[in-house]
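>>> Could you work out the structure for the sequence below:
(one chain, ligands or ions: 2)
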Amino acid sequence: MSNLYTLGFNQDLANYIETNNLNTFTVGRVAQQHRDGYIVLTGRESKKATITGNLRYTVSEKSELPVVGDWVLLIDSGDLYLIYQVLPRHTRLERQALQGLSESQLIASNIDEALIVQSVDQNFNLNRLERYISICHTGNIQPIIVLNKIDLIDNNRLNTLINEVRQRIPNVTLITTTTLFEHGAHQLLEKLQPQKTYCLVGSSGVGKSSLINALTKQDVMKTSSLSQAHQKGKHTTTHRELFVLDNGALIIDTPGMRELGVTESGHGLSQTFEQIDLLAADCQFVDCSHTSEPNCAVLEAIRRGELDEGALKNFKKLQRESQRFETSKAEKRKIDKGFSKMYKEVMKMRNKRRF
Ligand SMILES: Nc1nc2c(ncn2[C@@H]2O[C@H](COP(=O)(O)OP(=O)(O)OP(=O)(O)O)[C@@H](O)[C@H]2O)c(=O)[nH]1
Ligand SMILES: [Zn+2]
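Ligands and ions are numbered 1, 2, ... in the order given. Presented below is the predicted three-dimensional model:
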């Protein structure tokens with residue numbers, strides 16, 4: 001078991017296995033997810049794996065199936081492991097496809113900190129940063145902002161950008177990198193701790209694969225050429241993969257995520273827009289929408305120049321989005337429930353007829 005700890009295994013998981021009498025299984029961590037199966041690490045080996053029929057047919061939602069980062073119980077069947085069970089997840093990186101169904105998609109699990117990568121060229125966007133940060137908070141993941149490709153701009157411009165981030169998002173760690181020069185990512189490497197799991201998120205072409213290559217000091221990820229990276233809809237990273245770095249940190253690369261929707265209105269948004277949340281407590285109306293109400297503390301703060309108007313605008317946009325998501329989820333649940341009721345009634349009638 002001791003080798004498992006180098007993969008991020010912890011006492012909570014050990015206790016879970018112990019209390020549920022699951023000691024007979026091999027424990028592993030999902031390192032790669034492909035169309036036709038998985039690669040799991042057990043601390044001793046890396047082997048192909050597939051899920052058991054039992055697991056496939058007993059899950060009630062797709063998100064209960066294994067994803068990269070998951071801890072799983074395995075049955076050894078020679079050159080293949082069978083995944084018998086997914087152990088409880090302590091964090092989840094989840095997204096909702098903006099033009100999609102009401103279903104959210106689990107991207108990876110058990111991530112301690114997410115590195116939100118933006119490049120300092122036209123990709124730089126405060127609203128998008130806040131969007132990614134909300135998703136992290138919703139999944140209990142600590143966000144870190146990484147501004148990459150700083151070789152493209154001069155120091156003045158860089159300081160302006162850093163100030164812009166600091167003003168809008170004061171409480172999240174900010175790191176600057178370039179993968180063009182040796183040691184250009186040293187600030188980032190120093191931040192990564194052994195046995196902790198990180199993931200890289202960000203639009204296609206911002207340099208996530210290049211950063212992985214810089215951190216692993218190898219060419220493990222294929223990077224796209226600039227022209228390719230800017231072709232719309234082309235993702236150069238096609239699968240998710242977990243890497244163990246020389247310093248013992250674990251890092252997961254995820255494919256470029258253009259359509260990244262927030263999934264819930266819970267604490268994710270209020271944690272990200274903490275300042276608005278705090279101010280709102282002083283609004284005259286409990287359900288103040290901070291639009292035109294009298295004695296609105298949020299609008300007052302904007303008037304006084306203490307709150308960025310852009311932050312409030314983005315907050316409202318993300319709030320509307322998550323409300324839409326919640327509503328469509330509730331509607332879907334109602335429809336599903338209706339179907340299941342109908343199905344039960346039909347079965348009851350069939351059984352009656354039989355006897
Ligand atoms: N100037 C400059 N270019 C960089 C830097 N980092 C990466 N690039 C270039 O940006 C392009 C995209 O880099 P990738 O590492 O493939 O980007 P990615 O985020 O992994 O992209 P996806 O795999 O599509 O999600 C490549 O041409 C890289 O050479 C940097 O620090 N400075
Ligand atoms: Zn208000």
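>>> middle-most residue in the chain, spatially?
Central residue of the chain (Cα atoms, centre = their mean): L93, 2.6 Å from the mean position.
>>> would you say that one is within a strand?
Yes: counting by DSSP: H, G, I helix; E, B strand; the rest coil, L93 falls inside a strand.
>>> which residues pair with it across the strands?
On DSSP bridges, the residues paired with L93 through beta bridges are A108.
>>> near ligand 2, which residues of the stretch 101-250 of the chain?
Not one residue of the stretch 101-250 of the chain sits near ligand 2, judged by Cβ under 5 Å from the ion. (Each C-beta comes from the backbone N, C-alpha and C, glycine too.)
>>> ranges for the helices of the stretch 101-250 of the chain?
Here the stretch 101-250 of the chain has its helices, by DSSP state H, counting those that start in this stretch, at 126-138, 155-168, 186-191, 208-216, 226-229.
>>> could you dump those helices to a markdown table with distance to Q271 and mean neighbour count?
Listed next are these as a markdown table, based on distance: least, Cβ to Cβ, whole Å; neighbours: other Cβ atoms under 10 Å:
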| stretch | distance to Q271 | mean neighbour count |
| --- | --- | --- |
| helix 126-138 | 4 | 22 |
| helix 155-168 | 15 | 13 |
| helix 186-191 | 21 | 14 |
| helix 208-216 | 24 | 22 |
| helix 226-229 | 32 | 11 |
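>>> between those, which gets the lowest average pLDDT?
Sorting those by mean pLDDT places helix 226-229 lowest, at a mean of 39.
>>> from the middle of its chain, how far away would stretch 118-128 be?
The chain centroid and the centroid of stretch 118-128 are separated by 18 Å under Cα atoms, centre = their mean, to the nearest Å.
>>> can you check stretch 195-208 too?
Remark: stretch 195-208 is offset 10 Å from the chain centroid, using Cα atoms, centre = their mean.
>>> What residues of the one helix or strand G268 maps to count as buried?
Per DSSP states H and E, G268 falls inside helix 267-272. Buried positions in helix 267-272, judged by neighbour count with 16 or more other Cβ atoms under 10 Å: 268-272.
>>> Equivalent analysis for stretch 52-59, please.
By 16+ other Cβ under 10 Å, the buried positions in stretch 52-59 come out as L55.
>>> okay, now F243: neighbour count?
F243 has 17 neighbouring residues, counting by other Cβ atoms under 10 Å.
>>> try R320
Neighbour count of R320, defined by other Cβ under 10 Å: 11.
>>> my read is it is in a helix, agree?
Yes: under three-state DSSP, R320 sits within a helix.
>>> Pull the contacting residues for it.
For R320, no contacting residues are found, by Cβ atoms under 8 Å, 6 or more residues apart in numbering.
>>> Could you measure from it over to P66?
Separation of R320 from P66 (Cβ to Cβ, to the nearest Å): 33 Å.
>>> cool, V59 as well?
Separation of V59 from P66 (Cβ to Cβ): 10 Å.
>>> follow-up on the earlier one: save the buried residues of helix 267-272 as a markdown table, and put in pLDDT too.
As requested, the buried residues of helix 267-272 are exported to a markdown table (pLDDT from 0 to 100):
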| residue | pLDDT |
| --- | --- |
| G268 | 79 |
| L269 | 82 |
| S270 | 80 |
| Q271 | 82 |
| T272 | 85 |
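>>> of those, closest to ligand 2?
Nearest to ligand 2 out of the buried residues of helix 267-272 is S270 (Cβ to the ion; 13.9 Å).
>>> quick one: contacts for the nearest residue to N23 once chain neighbours are set aside?
Nearest non-adjacent residue to N23, counting by Cβ to Cβ, 6 or more residues apart in numbering: I17, 6.3 Å away. I17 makes contact with 23, 25, 27, 73, 87, according to Cβ under 8 Å, 6+ apart.
>>> Let me know the closest of those to ligand 1.
Ranked by distance to ligand 1 (Cβ to the nearest ligand atom), the contacts of I17 are led by L87 at 28.7 Å.
>>> and V117, how many residues sit next to it?
As a burial measure, V117 scores 25 neighbours (other Cβ under 10 Å).
>>> circling back: distance to H290 for the helices of the stretch 101-250 of the chain - can I get that in CSV?
Compiled in CSV, the helices of the stretch 101-250 of the chain are given as follows (distance: least, Cβ to Cβ, whole Å):
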stretch, distance to H290
helix 126-138, 16
helix 155-168, 17
helix 186-191, 35
helix 208-216, 35
helix 226-229, 38
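>>> What is the least confident helix or strand in the protein?
In the chain, the helix or strand scored least confidently by mean pLDDT, DSSP states H and E is helix 226-229, which has a mean of 39.
>>> Same question for stretch 315-333: list its buried residues.
For stretch 315-333, the neighbour count (16+ other Cβ under 10 Å) marks 315, 318-319, 321-322, 325, 329 as buried.
>>> for stretch 273-293, same thing?
Per 16+ other Cβ under 10 Å, stretch 273-293 contains these buried residues: 273, 275-276, 279-280, 283, 288, 290.
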